[in-house]
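# Pasting the sequence and the predicted model now:
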Amino acid sequence: MQRESPYPMVSVDEAQRLITAHITPLDVEVIDVLHESADGRVLAEDVYGIEPLPDVPKAGVDGYALRSADGDAPRRVIAEVTAGATPGLRVEAGSAVRIMTGAPVPEGADAVIAVERTEERDGVLIVQHAPRAGDNIHTIGQDIAAGQLVLARGTALGAAEIGLLATVGRTRAMVYRRPVVAVLSTGDEVYEPDGEVFPGGVRDSNRYALMAAVREAGCLALSLGIARDDVNVQRAAILEALDRADVLLTSGGVSMGTRDLIKPLLAELGTVHFGRIAFKPGKPTTFATIERPNSGRLLPLLTFGLPGYPVSSLVSFEVFVRPALRRLQGDARPDRPQVRVTLRDPISPSPDRPEYQRAIVSWEDGRLMARSTGRQGSSRLLSMLGANALLIVPAGTEAHPAGAELDALMTGPLAPQGMSVL
Ligand SMILES: Nc1nc2c(c(=O)[nH]1)N[C@H]1C(S)=C(S)[C@@H](COP(=O)(O)OP(=O)(O)OC[C@H]3O[C@@H](n4cnc5c(N)ncnc54)[C@H](O)[C@@H]3O)O[C@H]1N2
Ligand code: MOO
């Protein structure tokens, strides 16, 4: 057993910097952006609107197109235009055209009055007030100007973005490839959750939790199963990832035990960039790159050796892996937002490392309030339940009292007011 880790302890910032230095966005592909599979993809090109929207002046309400110069005088109703029709007629002085929302405004008309503000009897229109020029008319290009940039490269596709692509007629667009992320659990004590578990064993929660986190980050998850604590078995699993994946996440086997084989294996197969972080939970988190001589892939296999403790692996994923996966997909905004929160409960720091404590943040009494999810042990997965934030608690010995402020990384949307923990 080693008495001291050969890996120097790096700071969180330094670890993030080292990871980022090894990332360039993956290759691109052209996809049909109107299908389900486009959800969450990141654009690899700028998208412009070619034509203005609307392309002709359009009625904003159901009513009558008329001339403002006629004031509040009655008008003769000469025709009706519906959305989708081409009017081909002219509104002369003293006349009006019945018009529907979204229909092109006929020539000569410079206003539309809502039907509720009118009466029509025997083909004569009575208006309740004199319309002003421009009333209820959507002008050419008011929503999108001709040639306007509507979506920038690096934008993730959600409902609004997909709607915009359809609006400007871009049914195919260039997006970054989704990274394939292989996930491997290690440990003789780790069992499939649906089978028999021998005394002292644990069910493999890490692989399933990490694969869900990988998918949530927009990647394709590839399960490599559970590798026993045998150097040849674990080497074979890493080599399989080298063949099949862009990124490898392992869990377990990265601390000081005699069966902690991952770090020496990564050093044998590639380059370990760091093997310890001043960070809790997840101190032994390791980052390595493994070259792939003949595969033609641009990037080496990015390998994250995550700790075995369920909370440590997920928190390390959130802080170090997720931003890397977003960067690989070309996301222009790969980081979670950081906010200032007020503590509802007192928080005790860890003496030697900054600690990322799980919390529930909601908007209460005009500020962001954070409540703790309870005991923060690395093995207590329940401390992640309902958490939408990681409180960044600097190393220290003094507790932070209720009412004090700390920075927090938002990992999900704000919680409803008064949400409590189990
Ligand atoms: N002498 C030292 N011991 C430890 C140190 C240290 O610095 N010196 N660091 C501690 C810290 S901090 C952490 S975190 C853990 C991480 O250790 P490993 O990554 O080597 O993890 P394991 O020992 O393999 O497992 C830890 C724990 O998690 C359970 N586990 C493992 N895999 C899974 C899985 N797939 N699903 C659910 N649970 C899993 C495993 O049974 C252990 O209970 O090391 C400390 N030790
Ligand atoms: O860094 Mo470990 O996750 O504290 O237990």
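Thanks, I have the structure now. Numbering: from 1, shown residues only. Ligands and ions are numbered 1, 2, ... in the order given.

# what comes up buried for the longest helix along the chain?
Among the segments of the chain that qualify as a helix by DSSP state H, the longest is helix 231-244. For helix 231-244, a neighbour-count test (16 or more other Cβ atoms under 10 Å) marks 234, 237-238, 240-242 as buried. C-beta: built from backbone N, CA, C; applies to glycine.

# what does stretch 276-285 give?
Neighbour-count burial for stretch 276-285 flags 276-277, 279-285 (criterion: 16+ other Cβ under 10 Å).

# and the closest residue to Arg117 other than its chain neighbours, backbone torsions?
Of all residues not flanking Arg117 in the chain, Gln128 sits nearest, at 4.6 Å (Cβ to Cβ, 6 or more residues apart in numbering). When read as degrees, to the nearest 10, the backbone of Gln128 gives phi -80, psi -20.

# how many other residues sit next to Gln128?
11 (other Cβ atoms under 10 Å).

# Surely it and Pro74 touch.
No: using Cβ atoms under 8 Å, Gln128 is not in contact with Pro74; the gap is 11.8 Å.

# farthest residue from the center of this structure?
Centroid-distance maximum for the chain: Asp122 at 58.5 Å, with Cα atoms, centre = their mean.

# any idea how far it lies from Asp70?
18 Å (Cβ to Cβ, to the nearest Å).

# next one: Val10
In terms of Cβ to Cβ, Val10 sits 77 Å off from Asp70.

# counting contacts, what elements does the longest helix of the chain pack onto?
Where contact means 3 or more Cβ pairs under 8 Å, 6 or more residues apart in numbering; DSSP states H and E, helix 231-244 is packed against strand 180-186, strand 220-227, strand 247-251, helix 262-269, strand 301-306.

# so what's Thr101 up against?
Contact analysis of Thr101 by Cβ atoms under 8 Å, 6 or more residues apart in numbering lists 59-62, 83.

# got a list of what the nearest residue to it once chain neighbours are set aside touches?
Leaving aside its sequence neighbours, Thr101 sits nearest to Asp62 (Cβ to Cβ, 6+ apart; 5.2 Å). Contacts here follow Cβ under 8 Å, 6+ apart; on that basis Asp62 touches 99-101, 114-115.

# Bridge partners for Leu222, pull those for me.
Using DSSP bridges, the bridge partners assigned to Leu222 are Ala182.

# Which residue would be the closest one in the stretch 301-422 of the chain to ligand 1?
Residue nearest to ligand 1 within the stretch 301-422 of the chain (Cβ to the nearest ligand atom): Gly308, separated by 2.4 Å.

# I figured that residue hits Glu189, correct?
No: contact criterion Cβ under 8 Å: Gly308 and Glu189 do not qualify, at 9.2 Å.

# Mind checking which of those two has more residues around it?
Gly308 (25 against 17).

# Restricted to strands, list the contacts of Asp62.
Those of these mapping onto strands are 99, 114, per DSSP state E.

# Select from the contacts of Asp62 the one having the most neighbours.
That'd be Ile99 among those, by other Cβ under 10 Å, with 31 neighbours.

# Tell me who's in contact with it.
59, 62-65, 80-81, 105-106, 112.

# let's go with 6 Å and repeat that
59, 65, 81 (Cβ atoms under 6 Å, 6 or more residues apart in numbering).

# Quick check: mean pLDDT of the helix or strand hosting Asp13?
Element membership for Asp13 (DSSP states H and E) is helix 12-20. Computed over helix 12-20, the mean pLDDT rounds to 98.

# Determine the angle, from 0 to 180 degrees, between that helix and strand 301-306.
150 degrees (axes from the mean of the first three to the mean of the last three Cα atoms, to 10 degrees).

# Give me the contact list for helix 12-20.
Outside helix 12-20, the residues touching it (Cβ under 6 Å, 6+ apart) are 273-274, 277, 279, 287, 324.

# which ones among the residues you listed are found in strands?
Those of those lying in strands (DSSP E): 273-274, 277, 287.
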